[in-house]
Structures are given as C-alpha cells and as structure tokens.
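Enquirer: Provide a 3D model corresponding to the input given below.
(2 chains)
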Number of protein chains: 2
Amino acid sequence: MRYYATILVALVVNVASLLAQSNSTLKSVRTYREANEPAIMREFREFLSMPNVAFDSASIAQNASFIIQMMKKRDIEKVQLLESGKSGAAPAVYGEVLVPNAKRTVIFYAHYDGQPVNPLEWSRDGKPFTPVLRSGSLEKGGEVIDFPNEKTPFNPENRIYARSASDDKGGVIAILNAYEALRKSGIQPSVNVKFFFEGEEEAGSTNLGDILERHQALLQSDGWIICDGPVHQSGRKQVVCGVRGDVNMEITVYGPKRPLHSGHYGNWVPNPAQKLVSLLASMKDSSGKVLVDGFYDDVVPFTEEERAAIRSVPHPDEQMKRELGVAKPDGNGAYLLEMLNLPSLNINGIRSANVGAMSANVIPTQAVAALDLRLVLGNDWQRQTEKIKRHVQKQGYFVIDRDPTDEERLQHPNIAKVRAFKGYNAQRTPLGHPLARAVVSAVQTSSAEPIVVVPALGGSLPLYLFEQHLKTVTVTVPIANHDNNQHAENENIRLQNLWNGIETFAAIMTMKF
Amino acid sequence: MRYYATILVALVVNVASLLAQSNSTLKSVRTYREANEPAIMREFREFLSMPNVAFDSASIAQNASFIIQMMKKRDIEKVQLLESGKSGAAPAVYGEVLVPNAKRTVIFYAHYDGQPVNPLEWSRDGKPFTPVLRSGSLEKGGEVIDFPNEKTPFNPENRIYARSASDDKGGVIAILNAYEALRKSGIQPSVNVKFFFEGEEEAGSTNLGDILERHQALLQSDGWIICDGPVHQSGRKQVVCGVRGDVNMEITVYGPKRPLHSGHYGNWVPNPAQKLVSLLASMKDSSGKVLVDGFYDDVVPFTEEERAAIRSVPHPDEQMKRELGVAKPDGNGAYLLEMLNLPSLNINGIRSANVGAMSANVIPTQAVAALDLRLVLGNDWQRQTEKIKRHVQKQGYFVIDRDPTDEERLQHPNIAKVRAFKGYNAQRTPLGHPLARAVVSAVQTSSAEPIVVVPALGGSLPLYLFEQHLKTVTVTVPIANHDNNQHAENENIRLQNLWNGIETFAAIMTMKF
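Expert: Numbers count the residues shown, from 1 in each chain, chains lettered A, B, ... in the order given. From the prediction side, this is the model:
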C-alpha cells in the first residue's frame, strides 16, 4: 500500500477576487510587448539558431556571448561570465539591476543549453537549429508558415519549433523582455533583480555547485525564481515549490565478442538483446509498478500543510489520455499527479544492432538501455541506483562498471555493465515560505484564471544546490505549453505562452515581497 | 522432448586414402594462382570498392557491369544480364562455357549484393567500401597493413576487410578465377560451365523465382553449385546439402503520440520500450527455448540416411565458446549443430529512442524490434509468422499491420504493429543424389584434410526456388572463413580461404559427373 501512500498535494489559488486585476503595470508590459513582437522574435530566432547541446563547448560559448549582448543592450549591469574553475565547464551568464531602496533581492534563473538532438527524428520540415513557425501544434496538423512581416502581428496560437524553444531559451527571452518591458515603460522593479543563466543544466548541472560556491558574494539574494518546465496541462499558470531528483543509469548486456550470422549461430549463441529484454522486463509489472526491492521504501510523505493543500486541482488526466492516445495509464487508476510524486524508473532508450532498413540477420554483440530514475523527498540518488544494481545481480548477472575481459566472459554466463551517472536528490520549498507566498500572489495578479500551485513537480532541477551552497530557497515558475515536446524531437513553444511568460516575470519583478 | 528430437546429421568424409591427391589439375591451378595473386587482388579490391547494398539500384548496376567485364575478359560466352521483368529489380549476371562432348551442365552461383552497412559501426580504420588488408583477424589484434607490391607474395593469413568480402563477392572472384586458372592452364572442364550471379540475395531474392522462370531455357542444367556461407569452424572444407528457411518480422509497440518528458509523465504514461521488452521476454526462456505455442511442431525429422551420417563430425563447440567469449550457450548443453537444425527466433535489432550521448530523459513514442525466424524442413514460413502474431495477441495486444488510428489508441491499452516480410522454406538435397556424391568426391580431392559434409546448414538461401522453377537440385560449397563477420560490421575474408576456394571450384569444374 506504500505504493499509493504518498498523496498528491496541489493547491489551486482559487481567489476569484484576485482575478486579473487590470493593474497598470501589466497593461504597460502588454502594450510594450505588442509593439515589439517582431523585434523580440528576431532576437529569439537568432538565439535558437545557435546549436546549444550541452558539452559542445564552442557552441555553448557562442550562446553565452549572445546572452551577454542581449543583457548589455538592456543596460543590465555587471554583466559577466561566472566560471566554475573547471576547464571545459560551461559558464553561467550573470547580470544585475540594483534598485534604489529595494530591501530584497531576487535572482531569475533559466538555462541556455539544450538536450542532445537527432536531426533525423525531427519533422521533415524542421531542423533542430533552424527555427520554423507553425500555425499550431505539429501533432494537430500545424503547418510551417512564413514568419509575418514587421507590420503583421503574430497569431498567438502559432508555435516556434526548435531545440530549446521551450527548454529553456524561451525562459531566457521571457525574463530579459519582462525586465525590458518594465524599463522601457519607466516602471521600477520592487526588488533588486539579478539574472543567472546556466549553461549545462541538460548535462546534469555538474558544475553548478562550484559556480554557486565561488560566486557566493555576487549571488546573495532572498531567493531564486527558476524558469523551467511547462505550465499546467489546463493551460493555467503554475507555481511549483519542489521538484523530483534525478539520476541516469546505463545497462549494457553482452553477447558474442563479434557479431554473428543469425543463421549459423542462432539458437546456440545467446542473444544479448534477448537477455536485456528479460532483465528490463523483470524490473516492472504490467501496471508500471517497479519490482526492484525497496524501490519505494525511503519516500517521505508530504506535510499536513502540503496534504491539506489538495483542493480543486484541475486533474488533466482525461484530457491527457485523449491528447496522448493513451487508453490505460500506468498506476492502476491513480492520478497523474499522484504518480509524479513517487520515484520512477523509465527506459529513456534501448538499442541493440539495427532495425528497419539497416537491420541485418545478426546476433548483436551487445544491447544497451538508458534509464532515468526520478526521486522524491527521502530518496537518495546513490542508494536508489544501488537498488537497481542489486536487482541486476539477483537476476544472475555478474555486474561490473566496464567492459568485461575475455576471462570474465568465459566465467560468467550473464554479464552486465551497470553505470550510474551523477545524480541529485529532490527538493521542496515550504508552501508557507514568504517568497512562495509573494510569488503566488504576483503570478495570480497576472492571470485571468486561477493559477495552479503544486508542492512538487514531476520534473527535476538540481535545486538542492541552492540550499546547499547558498542557504536560500527557490520557487519554480514555468512558462512553456505542456505539449512542448521538451527533451525530444520537434520541441516547440506556443507564442501566447511566451507572451504570458513576459507578463508573469514582470509581475514577479514588481511583487510585494 | 521434441526440442531435442531432431538430431544433427553431419558427415565427415573420412577417407584417408583420398587425402590430397597431388593431381596435376590442382597443381596447375595453384601455380596459376600463385603467379597471379596481385592481379586477382587488384580486381577483387576494385570490385569491393563498389557499394552494393541491395535496393541501391545504381550501385547494383555498377557491380553487374563490373562482373560482365570480368567475364568477357575471360572469354566467357553469352555474357548477359538476366532480368526478372520487374522494374527496379536487380538483374542476375549470366555467362556460359560449353565444352565439346560434355554430357552434363553445372551452374555456379554466387551473389554480388551485400547486407546494409552502418559505417559508424565499422572499425575506425576501415570503411565498408574501402577494402583494407589486415595482418589477421581484427578481433585477434590484426592490424591494417599496406597491400604488398607486385613482387611480394601475399601472406595467406592476411584478411581483406570490406562489405561482401566473404558474402559473397569472394564467391564471385573464386568461381571466375577457378575457371580462368583452368583456361590459362589449358585444362578443359569436364562439364558445361554456366555462371549465375544474383543481385538481390540479401534483399530476400524476391525476384529470383521470376528470373529462373523467364530464363528456363538458358538455365537448363544438371544441378547448381551454390557458393555462399562459411566453411566449417575447424577450417575444413565443407559441402552442404541443405539450408534453413528464413523469414523476417518487425514488431512495433506504441507509447504516447508525442515524445514526453520523463519527469512530467513518467510513472503514468506507459513506456513503449518497457512494453516491448516484456513482450519479447515472453517469447523465450533463459535457455533460449522459444515459448511461442507450437513453434517446434512442424519439424520433419532427418531421414535414416541423414541420421546415419552422423559420424565423427568435429564439433566446434568448445572452440567457438572460447572464440566468441560465450560461457554458457543456449540449448541446455545441446551441440551447436543440433541447435542449428531447429527453428529459431532471433532478435536482429531493437530500438527505442536513443542511448549513449544521444540519450534524453524521454518517454519514447514507440519501440521496434526486428526479428529473424529460421525454419527447418516441415516449417512453413507463413505459418511460422502466424504463430508469432497469435503469441502477441495472447499477451493482450491488439495486433495490426500499420500504425494505429487515434481511435484505436484510445480503445486498446496495448497495440502492436506486427509485420511479416516475404520469406521462404528450408530445402534439402538427398546425400545420395549423384551431384552431391560427385561434388563431395571432387572437393575431397582438393583438400589435404577430411572435408565435412552437412545435410543442412544453419544459414539460409532460397534454394527451394531452384526445385520449384527448374526442377533441379543444388549443392552448397562455401569458401569463407567461419569468423568472417558475415552480415555485420568488419566483414572479412582470409586470403587462404579465397585461394582454397579457387581450387575447390576448379576441382568441381573438372569432377567426374
């Protein structure tokens, strides 16, 4: 029963009285944006045209200097790269605006690196780093259209398709233009505003801790606003007070030392793909429950406040089933949001030899699976990967962390290379924290509909680092449409989400805090 | 017990008295070859430099005209392309040499098309269509060396690495040079010699039946000699009287309609890779036994003659375990050759999203497996694929042969696209057939060691077509080294095997028949 013991906690700030105050700040921001859409889009397109796969240092540097230019153009001060001190690591881009008499300081975070791309998987009309405009969502028949000329307004239902359009260059653009809209409208932020754009979030933020540690003085603040991830599936704006942790693993299973003709050896030489499928099949039942011993043991239940916060959350389950073509979700009837607050085991990819036109009649030499383990409060990322390793051993495997030697191959019928990469744990900021309360109010003023407040999101960010290195808190404010294909081919952002994002961050920059 | 009821039948012609007669024909052939190694290799390298992936029509045509040139250079007559009449189909290349007073006619077959290539999988020093010479087997540390100059003899332990070096351009080269060696030595073949080089064997010989049917008159003969596949693992020459049938299948399992962030949906949206591994795992037990209902039911046991032929076959099992790094083969202790005479189910490849550097934290949209089913006498290829389809249905899948509609996705929790490609059945020529007896004797005279005679090999060729369309028989005489990486990356042929092949075919062209 432990499996469902953790109950979803999410809170809708259902304050009809707060419904979209036509306050003058937001009016000014909107007017500025409407007048400057072509310029904003020109800058965004240029930004998206720069490859930004984490680890690709040259491209990362190009992106960083583009951000520096955008900041300098906006008269942001102390613009600089924050290095981790480790050679080859991607720098963060920093800038700040100090406001006379402001008592509080808030740092706005987004990241400018992106997930790996396989251009072959992208739609025929699109390439990862050649942004295209579509009339709507590709999955719903959205077609490639020309970018409008300078005089024609953008249709807000149009979407830009490119790697990082939503994750997370859209965040950088929204934050910088929120500030610019205030500045050009002559409105002073209520807090000192600092900007921090990370360059290796998609590579696991390996050096973020070092950057925070080395630049503690510069990074003094009363809290961070993290712009990453999607808004609620209902389309409502969302404030998120926690995230799951994350760790990746890779399992390789071995076949013959050289690839073999399946006719001459099939039935006798064990097939590594067959072994891997049996091994992976042993890890989950048909309802999606993870069968690895102790997998759900460490979960810390939500507090009473978080639990009490369960109200009229708009459950998107039926909508998502239709939208995604899912007849029966995993979890034996549990809500999506319930399942997102349990640790998970996901096959990110699996590969052995080839399929399709490249397929040949062979016994492959190895089979590889990439796994993603999400963690909730209480899970430790290293402990969680050890559970997987022990499970593989229990299935009769000799487990190593490198390729086997010839001797080992002859000694052990089943050999698995199990690698765990660097991961991080989950994090939650209490719903009652002053920053959380201030942000929730501010975002609500920028929205005509009740916003959704979630104690913890399914996605992951290394937010524990801010606690650990800066003793501060974070609140996450995503802006992307939920169907943005984040991390996958055909990533996109709906223009109205970008426009909303600008208003959201302007509201936060001028919040009562 | 049916699983092991089919006993291996293989015969070693253990006739010490036949040991390598130094007959004058073979001496002449060897002398010719030794004197002409550089020229033979020049021609072979040029041939291997031509891409020849089946379906690549332009390349296939280039290969065919190269073969025509080689034949014309040898004064072979009636050299021509034999078309199937189907546009886009690869032609066979034909030629003949009629011998005054010869009573019998034998057609020599090899194929000039090759398996698909993934250049990324090939060794760093080699490309599929840039033949390189290695000092020995890559797996045993063989290094790339220069081709010797015209004066230096080739080391017979060297190997040529390139796609089709062994499968099956080596066959074309061996057959044509066997004839050339006889011709240049003034030795007349004992039979009319016809040449037939197929251009789409690796694509399933889809049009071979039509070619045989349309050119029946030209293709009159007393039997075919098929050069394809490897010699015995012991290195001994081998004559094969039968082959397994073969049919490929592809199974696609579906996830969400668009790729999803594993953090925002993992645990709730079912992962298609997880479904596929469970489905494939259900098909085999840990000993490699296929669990699909009725999979072994139709097998026709060997005849008494074939069974009786089991003698002192040199079982290569221990050698192969060491060589391939296999601690425990499938089959619960059965011999390799036993297992090759059972129907098989092999995963040729499996793929869902990406692994390694391209891997991302996603729930993939689909997962695909390519399967290879080998068939023995009694199996019908269509019936065998139906068993797999029924198995998938029994696992709770809605089985279709195309992508699902949106409605179907919402109706059926588990959907599999199961495609069966065109296949063919197994074939056997009786060991007592006059052609089989004549070939076995001839090949034995060309070998210092006892040759191995096998009633049926594990590999597949569509030999039933020759029975069906020409009412004739086939005997298969392979020449490649067993560790030639056929169908995979780093395909190669050992030079001594090529030289032996020339002598083998010269012996058959001059056999008593």
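Enquirer: residue numbers of the stretch 51-200 of chain A in contact with chain B?
Expert: Where the stretch 51-200 of chain A comes near chain B, counting by C-beta under 8 Å from any C-beta of the partner chain, the residues are A:55, A:115-116, A:118, A:139. Where you see a C-beta, it was placed from the backbone N, CA and C, and this is true even at glycine.
Enquirer: you'd agree A:Phe505 is in a helix?
Expert: Yes: under DSSP: H, G, I helix; E, B strand; the rest coil, A:Phe505 sits within a helix.
Enquirer: that one reaches A:Trp499, doesn't it?
Expert: No: the pair A:Phe505 / A:Trp499 is not scored as a contact, 11.5 Å apart, by C-beta atoms under 8 Å.
Enquirer: quick one, which of those two is more surrounded?
Expert: A:Phe505 (30 against 21; other C-beta atoms under 10 Å in any protein chain shown).
Enquirer: now do the same contact list for the more buried one.
Expert: A:Phe505 makes contacts with A:108, A:174-175, A:178-179, A:225, A:227, A:477, as judged by C-beta atoms under 8 Å, 6 or more residues apart in numbering or on different chains.
Enquirer: now with 10 Å, please.
Expert: Residues near A:Phe505 by C-beta atoms under 10 Å, 6 or more residues apart in numbering or on different chains: A:29, A:108, A:110, A:171, A:174-179, A:181-182, A:193, A:225, A:227, A:442-443, A:446, A:477, A:479.
Enquirer: repeat that for A:Glu407.
Expert: B:Gly325.
Enquirer: any idea of the pLDDT on it?
Expert: Note on A:Glu407: pLDDT of 97.
Enquirer: check A:Ile211 too.
Expert: 97.
Enquirer: so it sits in a helix?
Expert: Yes: under three-state DSSP, A:Ile211 falls within a helix.
Enquirer: contact partners for it?
Expert: A:81-86, A:89-92, A:94, A:196, A:198-200, A:205, A:219, A:465, A:469.
Enquirer: ok, now how distant is it from B:Ala456?
Expert: According to C-beta to C-beta, to the nearest Å, A:Ile211 and B:Ala456 sit 66 Å apart.
Enquirer: now A:Tyr179
Expert: 77 Å.
Enquirer: over to A:Phe302?
Expert: Applying C-beta to C-beta, the value for A:Phe302 to B:Ala456 is 65 Å.
Enquirer: now for A:Ala370, how many residues are close by?
Expert: 26.
Enquirer: pLDDT score for it?
Expert: Looking at A:Ala370, the pLDDT reads 98.
Enquirer: likewise A:Glu306?
Expert: Per-residue pLDDT puts A:Glu306 at 69.
Enquirer: what's the answer for A:Ala54, then?
Expert: So A:Ala54 comes in at 84 (pLDDT).
Enquirer: list the contacts for it?
Expert: A:60, A:90, A:111-116, A:198-206.
Enquirer: quick check: PyMOL command selecting the buried ones in the residues you listed.
Expert: The following PyMOL line selects those of the contacts of A:Ala54 that are buried, judged by 16 or more other C-beta atoms under 10 Å in any protein chain shown:
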select buried, chain A and resi 60+90+111+112+113+114+115+116+198+199+200+201+202+203+204+205+206
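Enquirer: next, the buried residues of stretch A:43-52.
Expert: Buried-residue list, stretch A:43-52, by 16+ other C-beta under 10 Å: A:43-45, A:47-48, A:50-52.
Enquirer: what does stretch A:120-136 give?
Expert: Per 16+ other C-beta under 10 Å, stretch A:120-136 contains these buried residues: A:122, A:126-129, A:131-134, A:136.
Enquirer: so how far is it off the chain centroid?
Expert: 20 Å (C-alpha atoms, centre = their mean, to the nearest Å).
Enquirer: could you give me the average pLDDT of that stretch?
Expert: Averaged over stretch A:120-136, pLDDT sits at 90.
Enquirer: tell me the span between the first and last residue of it.
Expert: 22 Å (C-alpha to C-alpha, to the nearest Å).
Enquirer: same check, this time on stretch A:150-169
Expert: 22 Å.
Enquirer: which pLDDT does the model give A:Leu431?
Expert: Per the predicted model, pLDDT is 87 at A:Leu431.
Enquirer: that one is in contact with A:Gly242, isn't it?
Expert: Yes: A:Leu431 lies in contact with A:Gly242 (C-beta atoms under 10 Å); the separation is 9.4 Å.
Enquirer: more crowded one of these two?
Expert: Higher neighbour count among A:Leu431 and A:Gly242: A:Gly242, with 25 against 21, using other C-beta under 10 Å.
Enquirer: quick one: residues contacting that one.
Expert: Contacts of A:Gly242 (C-beta under 10 Å, 6+ apart): A:9, A:302, A:306, A:341, A:376-377, A:426-431, A:454-457, A:461, A:463, A:474-476.
Enquirer: backbone dihedrals for it, please?
Expert: phi -160, psi 170 (degrees, to the nearest 10).
Enquirer: tell me the secondary structure of the closest residue to A:Ala357 other than its chain neighbours, please.
Expert: Nearest non-adjacent residue to A:Ala357, counting by C-beta to C-beta, 6 or more residues apart in numbering or on different chains: B:Pro116, 6.3 Å away. Under the three-state scheme (three-state DSSP), B:Pro116 adopts coil.
Enquirer: thinking again about what came up before, need the buried residues of stretch A:120-136 in TSV with distance to A:Ile415, can you?
Expert: What follows is the buried residues of stretch A:120-136, written out as TSV (distance: C-beta to C-beta, whole Å):
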residue	distance to A:Ile415
A:Trp122	36
A:Gly126	41
A:Lys127	40
A:Pro128	36
A:Phe129	39
A:Pro131	45
A:Val132	46
A:Leu133	50
A:Arg134	47
A:Gly136	49
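Enquirer: tell me which of those is nearest to chain B?
Expert: Proximity of these to chain B (C-beta to the nearest C-beta) peaks at A:Trp122, which lies at 11.1 Å.
Enquirer: residues contacting that closest one?
Expert: So A:Trp122 contacts A:128, A:130, A:132, A:138, A:161-163, A:485, A:488-491 (C-beta under 10 Å, 6+ apart).
Enquirer: look up phi and psi at it.
Expert: Dihedral angles for A:Trp122 - degrees, to the nearest 10 - are phi -70, psi 160.
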